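Visitor: Please work out how this folds:
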Amino acid sequence: MGRKLDLSKLTDEEAEHIWEVVQRDFDLRRREDERLEELKGRIKKESSKRELLADTAHLKDTHCARCLQPYRLLASRRQCLDCGLFTCKSCSHSHPEEQGWLCDPCHLAR
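Guide: Alright, predicted model coming up:
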């Protein structure tokens, strides 16, 4: 990136096209940075919720760690392979390679 390019031999159209490509690249990078920051915020929020639930023994055994819905016959709990907390089917993803489940935040973090 430290090299200087001689752009003096480009036509106005070529220079304009290069400028547009560079602008699109900057916009794409900015949007990607914003998306990553949003994901980091969501993961941090879920981690805080997870820590709170981990300290509340009676809730973690009877309610989903993410949506706090109580477990029922059809809404069985699944233990996350990464964090070890229990979530419902709606808040987890199957992970066939490791023959288990990942909660949504751990799935996002991977």
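Visitor: Check which residues of the helix-or-strand element of the chain with minimal mean pLDDT are buried.
Guide: Here the helix or strand of the chain ranked lowest by mean pLDDT, DSSP states H and E is helix 57-62, holding a mean of 74. Neighbour counts using 16 or more other CB atoms under 10 Å place K60 of helix 57-62 among the buried residues. Heads up, the C-betas are built off the backbone N, CA and C, glycines and all.
Visitor: For burial, what's the neighbour tally of C83?
Guide: Neighbours of C83 under the rule other CB atoms under 10 Å: 18.
Visitor: start at 120 instead
Guide: Right, with 120 as the first residue, what we last looked at is C202.
Visitor: Now it: which helix or strand?
Guide: In the assignment (DSSP states H and E), C202 maps to no helix and no strand.
Visitor: Would you confirm that it contacts G219?
Guide: No - between C202 and G219 there is no contact under CB atoms under 8 Å: 12.0 Å.
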